[in-house]
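**Student:** make a model of this:
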Amino acid sequence: MKRSSLALAPAIALATWLAASSDDTRPTHSVARGPLAVTIDVDGSYDSPELFEARFRPDGYQGELQISKIAAHGSAVKKGEVVLQFEAGPWQKAVAQMENELRAADAGLKAAEESCAWGDRQDAISLANAKDAVAEAEKDREYFETIDGPQMLKYNEMGLKSSEDSVKDQQEELDQLEKMYKSEELTTDTADIVRNRARRSLENSKIYLEMRRQQAKKTPDWEYPRRKVQIERAVEQAKIGLAQTESNIANGKVQREAQKVRAQFGRDQQAEALERLKKDGEKLTVKSPIDGWAIYGQLAGGNWTTNDDLAKAYRPGEKVGANQVILTVIPSGATMVRVAIPEDRAGQAKAGLKATVAALSSQDRKADATLEQISPVPTGGVLAAKLQLAKAAESVVPGMKCKVSILVADLKDVVLVPVSAVGRENGKPAVWVMEAGKEKAVEVVLGQSNGQMQEIASGLKGGESVLLNAVKK
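**Tutor:** Okay, here's the model as predicted:
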């Protein structure tokens, strides 16, 4: 922009010079076609599927393990040779104890079976008694309705009638005595005695008659209905007892059968446990299935757990834990390599990719390999992977380190630019091309990259001059 003030001319000239100077010194790159090898370079460790981990893997034994024999650390062993052995005494005691427990389980099963048999017989008796109780209660009701009840009422009527007749008869007898003693010439004392006796008897009979009348009213109003209700309730109670007995019999039978099943299951479990325990006895002696070298410890994650303390811990008389790797027999040479692929390169790693492997001890000698397995789950930002060597590496042993280069792509004639030349314009990949001293953003489609050079699939043809250190907008 032009300024009218002459005083500003030197400043404008200086700014223009600085801008031009800055543009002229920005680094650029001349786009060209060429080859591009994309690799994943990681550290690895040799391994072998044939290595053998000597440990005690129990199926039933849970007692102590005491070493009685162990191969020397670093010693050569032959296939079939004993490399580890444990004392058999504690295991033998465990077998004897479990055999005793099995005998107890057999006894428990027999008792459960006999309980079922005895219970069935007892249930039959209980059911018969309950049915008899119902039949007896119903028969009692029948007799009450047809015999006992009517007789109760009839006896009551007859008793009252008898008392009334007795009073009437005694009154008539007294009346006759009164007449008779008037006409007879008897002494006064004798007449008085007889008449007084008759009068007293009549008076008592009248009192008893009144009482009998009251009692006679009680029988139909209270005793008979109450007795009838009791008999009805007895029938209902007997039926409830029968229903309860039938329910108890059904439940008891289920419980006995369940107990029998549990006893059978427990006995079978005990027998199976004893069988597993006996088989564990064979595992107390560990033989190597391969020729190789005995190394104390375990190869875990490509690293040995071996240390000086193991030589003291793994010797006759010392105790160790179950499932603990005591020593590992490694074969001569290795046939596979384990690596950890970073998550940001995981998308490029596919099973079947070719790779080269170089041991740290001889990096100038490279061996061919194939990426065989990749873990689908990352751990600590990496994915565990396994490569199969095309030929066994005889000069290394499992656990030794190596450099691995996995070939992701091998492009021969593609447009390439430095990675730093690629930026973003409006959120899309772009490069800035210099034309007639001016920069121009060009949208591009990206291809493969090896971290230093970037393939441009479309947008550039070659020969263009692009700015490095591209901006990202």
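**Student:** OK, contacts around K279?
**Tutor:** Residues in contact with K279 (Cβ atoms under 8 Å, 6 or more residues apart in numbering) are 59-60. Every C-beta, even on glycine, is put in place using the N, C-alpha and C of the backbone.
**Student:** name the element it belongs to?
**Tutor:** Here K279, judged by DSSP states H and E, is contained in helix 224-280.
**Student:** I'd like the next helix or strand past that helix.
**Tutor:** strand 285-287.
**Student:** give me the buried positions along that next one.
**Tutor:** Buried residues in strand 285-287, counted by 16 or more other Cβ atoms under 10 Å: 286-287.
**Student:** now stretch 405-416
**Tutor:** Buried, per 16+ other Cβ under 10 Å, within stretch 405-416: 405-406, 408-409, 414-416.
**Student:** just those: which are in strands?
**Tutor:** 405-406, 408-409, 414-416 (DSSP state E).
**Student:** next, format those residues as TSV and append pLDDT and distance to Y224.
**Tutor:** Converted to TSV, those look like this (pLDDT from 0 to 100; distance: Cβ to Cβ, whole Å):
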residue	pLDDT	distance to Y224
S405	96	114
I406	96	109
V408	93	110
A409	91	113
V414	95	120
V415	96	122
L416	96	122
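**Student:** and these, which is closest to Q122?
**Tutor:** I406 (79.0 Å; Cβ to Cβ).
**Student:** specify the beta-bridge partners of the closest one.
**Tutor:** I40, A355 (DSSP bridges).
**Student:** residues touching it, list them.
**Tutor:** I406 touches 39-42, 341, 349, 353-355, 371, 387, counting by Cβ under 8 Å, 6+ apart.
**Student:** neighbour-wise, which one of these leads?
**Tutor:** Within the contacts of I406, most neighbours by other Cβ atoms under 10 Å means A355, with 27 neighbours.
**Student:** that one and L371: what is the separation?
**Tutor:** 6 Å (Cβ to Cβ, to the nearest Å).
**Student:** circling back: relative to the whole chain's centre, how far out is the helix holding K279?
**Tutor:** Helix 224-280 has its C-alpha centroid displaced from the chain centroid by 31 Å (Cα atoms, centre = their mean, to the nearest Å).
**Student:** between the ones in strands among the buried residues of stretch 405-416, which is closest to G462?
**Tutor:** Closest to G462, out of all of those and judged by Cβ to Cβ, is V415, at 5.5 Å.
**Student:** is the nearest residue to the closest one once chain neighbours are set aside in a helix, a strand, or coil?
**Tutor:** Spatially, and ignoring its direct neighbours in sequence, V415 is nearest to I456 (4.4 Å; Cβ to Cβ, 6 or more residues apart in numbering). What DSSP: H, G, I helix; E, B strand; the rest coil gives for I456 is strand.
**Student:** wait, I456 sits on E443?
**Tutor:** No: applying Cβ atoms under 8 Å, one finds I456 not in contact with E443, separated by 10.8 Å.
**Student:** quick check: mean pLDDT across the helix or strand encompassing A135?
**Tutor:** Using DSSP H and E, A135 sits within helix 89-143. What helix 89-143 shows for mean pLDDT is 96.
**Student:** which other helices and strands does the helix or strand following that helix contact?
**Tutor:** Once the chain leaves helix 89-143, the next helix or strand it forms, by DSSP H and E, is helix 149-183. Judged by 3 or more Cβ pairs under 8 Å, 6 or more residues apart in numbering; DSSP states H and E, helix 149-183 is in contact with helix 188-218, helix 224-280.
**Student:** wait, which of those is closest to Y143?
**Tutor:** helix 224-280 (8.9 Å).
**Student:** which residues in the stretch 251-400 of the chain form strands?
**Tutor:** Using DSSP state E, counting those that start in this stretch, the strands of the stretch 251-400 of the chain run over 285-287, 292-296, 299-300, 303-304, 319-320, 327-330, 334-342, 354-359, 366-374, 382-393.
**Student:** any idea which of these gets closest to K401?
**Tutor:** Using Cβ to Cβ, the nearest of those to K401 is strand 354-359, at 7.6 Å.
**Student:** report the inter-axis angle for that closest one versus strand 334-342.
**Tutor:** 110 degrees (axes from the mean of the first three to the mean of the last three Cα atoms, to 10 degrees).
**Student:** how far does strand 354-359 sit from the chain's center?
**Tutor:** 44 Å.
**Student:** which residues does that strand contact?
**Tutor:** In contact with strand 354-359 (Cβ under 8 Å, 6+ apart) are residues 44, 46, 337, 364-371, 387, 389, 393, 395-396, 400-407.
**Student:** now it: mean pLDDT?
**Tutor:** Here the average pLDDT along strand 354-359 is 96.
**Student:** save the helices and strands packed on helix 149-183 as a markdown table, and put in distance to M158 and mean pLDDT too.
**Tutor:** Below are the helices and strands packed on helix 149-183 laid out as a markdown table (distance: least, Cβ to Cβ, whole Å; pLDDT from 0 to 100):
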| stretch | distance to M158 | mean pLDDT |
| --- | --- | --- |
| helix 188-218 | 10 | 83 |
| helix 224-280 | 15 | 95 |
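**Student:** would you reformat the ones you listed as CSV and include distance to L177?
**Tutor:** Putting these into CSV (distance: least, Cβ to Cβ, whole Å) gives the following:
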stretch, distance to L177
helix 188-218, 5
helix 224-280, 40
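**Student:** of these, which is nearest D308?
**Tutor:** helix 224-280 (31.4 Å).
**Student:** got the contact list for stretch 232-252?
**Tutor:** 119, 123, 126-127, 129-131, 133-134, 136-138, 140-141.
**Student:** the nearest residue to L416 once chain neighbours are set aside and L411: what is the separation?
**Tutor:** Nearest residue to L416 in three dimensions, chain neighbours excluded: M453, at 4.8 Å (Cβ to Cβ, 6+ apart). Look at M453 and L411: by Cβ to Cβ, they are 10 Å apart.
**Student:** mutual contacts of the two, please.
**Tutor:** L36.
**Student:** picking up where we left off before, so if I had to pick from I456 and E443, which one is more boxed in?
**Tutor:** Shown here are I456 and E443; by other Cβ under 10 Å, I456 has more neighbours (25 against 13).
**Student:** OK, contacts around E439?
**Tutor:** 432-433, 467.
**Student:** what do you get for I456?
**Tutor:** 31, 414-417, 431, 444-447.
**Student:** return the per-residue confidence for it.
**Tutor:** pLDDT, read off for I456, is 95.
**Student:** measure it to I295 for me?
**Tutor:** From I456 to I295 the distance is 52 Å (Cβ to Cβ).
**Student:** with E232 instead?
**Tutor:** 92 Å.
**Student:** who's more crowded, the two?
**Tutor:** Between E232 and I295, I295 has the larger neighbour count (other Cβ under 10 Å), namely 23 against 13.
**Student:** for stretch 53-62, which outside residues touch it?
**Tutor:** So stretch 53-62 is contacted by 65, 83-84, 86, 91, 94, 273-274, 276-277, 279-280, 283-284, 286, 288, 294, 298, 320, 322-329 (Cβ under 8 Å, 6+ apart).
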